[in-house]
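Q: requesting a structural model of the entry that follows:
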Amino acid sequence: MTKEVNPTDPTTIPKFVNELPKPVTAKPKYYKGQQRKDYYELKMMQAEHCFHNDFPKSIIWGYNGLYPGPTIEAKKDKSIYVRYKNQLPLKHFLPVDFTLHAANDSQEVRTVTHLHGANVDWESDGHPEAWYTRDYAQTGPKFNKEIHEYTNHQPGTTLWYHDHAMALTRLNVYAGLAGFYLLRDSLEERSNLPCGDYEYPILIQDKSFNEDGSLFYPDEPPFPVPVHPSITPGFVGNTIVVNGKVWPYLNVEPRKYRFRFLNGSNRRGYLISLSNGDHMIQIGTDGGFLSAPHEIQSVELLPAERTDVIVDFSKCEGQEITLVNSDEDFIDEHTSVIMQFKVCLPLMCEDTSEIPERLAASMDLHAHDAHIERHLPLTATTDNFGRPMLLLNNRMYHDPATEKPALDSIEIWNFINATPFDHPIHLHLIRFKILERRPFDMELYQNEGKLTFIGPPEEPHDYEQGWKDTVKAEAGKMTKIIMHWKDHVGHYMWHCHFLEHEDHDMMRPILVMKDVHPVQQPHAEIPHEIEHSSEQSQNDSPIVTGNNEHTVPLLNTIQNNTPTEEIVENSYSSLQTTYLEDDIEFNPQTIPFLTSTQNITHSTESAYIEDNVEYNQLSTPFLNNTQNIIFSKEEHSEHHKVSNIESIPQPPHSSAEFQTRQRISPRHRRRWF
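A: Prediction:
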């Protein structure tokens with residue numbers, strides 16, 4: 001390392017001096033069975049990795065000791081088997097918060113690998129409670145098999161595998177446990193796309209480093225809490241790492257290249273474009289190929305989102321083109337650039353690759369075919385240590401499953417984002433289509449439980465037209481998606497893919513059920529009041545949809561007011577629910593919270609220090625990106641503003657074990673990502 005380079009300070013780190021590596025391709029260990037199905041073994045190991053030519057080597061955790069892990073290439077409808085062997089140390093080199101689910105009474109180092117975007121049996125899905133320790137000495141309650149079977153019964157697409165262990169995902173992925181899984185099909189073979197040396201998977205993550213070149217991850221949030229080490233509400237690094245290198249470059253020929261971009265960051269989003277203003281040709285999204293390629297100037301990727309694009313460098317000979325990040329969150333002069341393309345190589349042979357006029361056959365889902373429509377709020381609270389915590393459907397992870405789709409049913413899910421910031425929501429098992437987004441009156445929803453739209457429906461962005469498995473649920477909007485639950489039953493998950501949020505209860509179970517009627521469930525028939533503002537067109541008639549159990553309006557906690565259900569089998573019309581309506585009162589001033597501990601009263605030392613916080617417009621509060629944190633008092637844009645986060649509705653609970661959680665100070669609820 002040269003004396004001038006300080007890994008903690010991005011201003012001292014030279015950019016575009018490390019060549020972009022291409023992840024190695026995994027090789028099957030042997031064939032299994034008479035049908036010669038490929039069998040792979042990937043060892044999760046601690047190793048040393050060089051992030052930059054001027055850095056000392058850093059400790060990472062990687063599959064086969066590599067970061068990124070080896071790329072698995074599979075073919076549609078041809079099963080493969082993968083064993084992910086845990087050969088990691090017994091102690092984590094990053095700070096573990098032992099107050100989180102499963103971390104408190106389990107081994108410190110646990111792993112389980114999830115193939116993100118895979119249509120797979122739940123026992124091979126990488127359930128967060130199917131974790132295991134080194135050599136399977138201890139296993140989680142959902143652990144069933146050591147070898148994952150991937151049947152690959154889905155269209156070709158860009159998948160990725162990463163750690164998904166309960167309460168440790170943010171640390172294990174940040175440490176390096178991630179890799180590509182490229183599923184190819186006959187459509188790709190016929191399409192004559194750029195391939196081989198002209199196809200690159202691109203894993204984009206952000207990191208911060210200590211002076212000795214080791215990875216930095218905060219051991220506490222930037223506000224006082226009575227826990228150490230403690231989870232932070234979100235982490236962004238101050239450098240950009242692509243395929244394991246800090247701000248690399250790639251020498252290219254003047255011809256077409258195919259890039260599969262993946263945002264593998266814990267929290268940071270990217271708005272990607274080319275510095276010379278050229279367009280990119282998008283050919284695929286999370287779930288596979290589009291029906292036809294189309295030009296895009298930029299593409300936004302929140303964590304876990306992918307896009308498949310072709311960039312034509314044929315008219316750029318001699319140019320140096322920067323891959324730019326224009327995302328407005330946490331941006332600075334360093335994180336606004338990702339990598340560089342240097343069009344300096346001679347054309348080795350004629351470019352015979354093509355951009356086909358048509359790709360995948362259109363197989364849209366239609367809203368009128370949906371069996372059930374669910375309203376699912378995204379809300380904010382604090383845990384019993386006073387830390388910010390996000391919830392899905394007003395519930396914590398360990399609460400009983402409320403999303404129980406029937407096999408072979410079509411459902412519509414409406415994510416009502418009542419928090420002041422966006423969330424990438426990922427559903428395991430299935431692909432979905434985005435139908436629309438629609439802004440609503442946040443203050444009215446929080447205070448009275450009324451979902452009043454204040455604008456017309458918004459079409460998906462031009463880069464979101466295809467099949468997805470992760471969607472941006474925008475703040476102050478209802479995001480509507482549609483999906484078909486098919487092929488598998490069992491235990492799956494849906495969660496925010498901001499990894500700190502996921503580890504801290506913004507994750508919920510899905511139970512896909514067989515031999516049940518795929519019809520509107522009794523609890524979904526409760527009217528959910530939806531209004532439209534008077535400014536909207538009279539032709540834009542209100543739509544009253546089903547409400548998924550206890551969402552909004554807020555119901556006051558009443559002793560023994562548990563809903564009861566009477567279900568008459570084999571009769572769609574006889575599905576009914578009896579609610580004790582006479583025992584329920586609405587009081588927006590009383591807001592219960594889910595917790596299984598005693599009420600927590602903040603001490604003077606652990607309360608938010610409202611009067612002694614230094615503010616700086618250029619920084620973001622409650623987000624650790626270096627050791628020194630400066631808070632920001634700058635208000636959100638109108639798009640992100642809410643009136644009072646303390647009034648977010650919460651569900652009723654009659655059990656005495658549920659006690660009120662502490663609320664977030666209105667002064668500090670703005671951007672504690």
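Q: which parts of stretch 169-187 are buried?
A: 169-185, 187 (16 or more other Cβ atoms under 10 Å). Quick note: C-beta positions are derived from backbone N, CA and C, even for glycine.
Q: quick one: end-to-end length of that stretch, please.
A: 34 Å (Cα to Cα, to the nearest Å).
Q: ditto for stretch 375-392
A: 11 Å.
Q: likewise for stretch 137-147?
A: 16 Å.
Q: so which of the buried residues of stretch 169-187 sit within helices?
A: Using DSSP state H, the subset of these located in helices is 169-175, 187.
Q: can you pick out the most distant pair from these?
A: Pairwise distances among those were taken by Cβ to Cβ; the largest, 38.0 Å, belongs to Leu171 and Leu187.
Q: where in this structure is pLDDT low?
A: 1-3, 32-35, 518-673 (pLDDT under 70).
Q: pick out the residue nearest the middle of it.
A: His497 (1.9 Å; Cα atoms, centre = their mean).
Q: surely Asp197 is in a strand?
A: No - if the criterion is DSSP: H, G, I helix; E, B strand; the rest coil, then Asp197 is helix and not within a strand.
Q: what's the burial count for it?
A: Per other Cβ atoms under 10 Å, the neighbour tally for Asp197 reads 11.
Q: re the thing from before, out of the ones in helices among the buried residues of stretch 169-187, who's nearest Thr11?
A: Tyr174 (22.9 Å).
Q: all the helices of this protein, residue numbers only.
A: Counting by DSSP H, one finds helices in the chain at the ranges 169-175, 186-191, 442-448, 499-503.
Q: for the third one, which residues meet the burial criterion?
A: It refers to helix 442-448. For helix 442-448, by 16+ other Cβ under 10 Å, it's 442, 444-448.
Q: check which helices and strands it sits against.
A: The contact analysis (3 or more Cβ pairs under 8 Å, 6 or more residues apart in numbering; DSSP states H and E) places helix 442-448 against strand 451-453.
Q: that older thread, so the residue nearest to the centre of the chain sits right up against Arg306, yeah?
A: No - applying Cβ atoms under 8 Å, one finds His497 not in contact with Arg306, separated by 11.8 Å.
Q: what's the closest non-adjacent residue to His428?
A: Closest residue to His428 apart from its sequence neighbours, by Cβ to Cβ, 6 or more residues apart in numbering: Tyr492 at 4.1 Å.
Q: which strand residues bridge the one you found?
A: Ile510 (DSSP bridges).
Q: how many neighbouring residues does it have?
A: 22.
Q: need the helices of the chain in a markdown table with distance to Pro221, can you?
A: A markdown table is the format used below for those (distance: least, Cβ to Cβ, whole Å):
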| stretch | distance to Pro221 |
| --- | --- |
| helix 169-175 | 13 |
| helix 186-191 | 45 |
| helix 442-448 | 24 |
| helix 499-503 | 10 |
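Q: who's in contact with the residue nearest to Ala361 when sequence neighbours are not counted?
A: With Cβ to Cβ, 6+ apart as the criterion, Ala361 has its nearest non-adjacent residue at 7.1 Å, and that residue is Ser291. Neighbour list for Ser291: 358-362, 466 [criterion: Cβ atoms under 8 Å, 6 or more residues apart in numbering].
Q: among those, who's most crowded?
A: When neighbours are counted as other Cβ under 10 Å, the busiest of these turns out to be Gly466, with 24 neighbours.
Q: state the distance from that residue to Thr11.
A: 39 Å (Cβ to Cβ, to the nearest Å).
Q: circling back: the residue nearest to Ala361 and His366, how far apart?
A: 16 Å.
Q: do you know how far Lys207 is from Leu94?
A: For Lys207, the distance to Leu94 (Cβ to Cβ) stands at 12 Å.
Q: out of these two, which sits in the more crowded spot?
A: Lys207 (23 against 18).
Q: let me see the contact set for the more buried one.
A: 51, 174, 215-216, 237, 239, 241, 246.
Q: skip the chain neighbours and tell me the closest residue to it.
A: Spatial nearest neighbour of Lys207, excluding adjacent residues (Cβ to Cβ, 6+ apart): Gly237 at 4.3 Å.
Q: residue contacts, that neighbour?
A: With contacts defined as Cβ under 8 Å, 6+ apart, Gly237 is in contact with 205-208, 216, 265, 268, 625.
Q: give me that answer again for 6 Å
A: For Gly237, the contacting residues are 206-208, by Cβ atoms under 6 Å, 6 or more residues apart in numbering.
Q: columns distance to Tyr84 on top of these, output as TSV?
A: As requested, the contacts of Gly237 are exported to TSV (distance: Cβ to Cβ, whole Å):
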residue	distance to Tyr84
Asp206	25
Lys207	23
Ser208	27
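Q: which of those residues fall within strands?
A: Among the contacts of Gly237, the residues falling in strands (DSSP state E) are 206-208.
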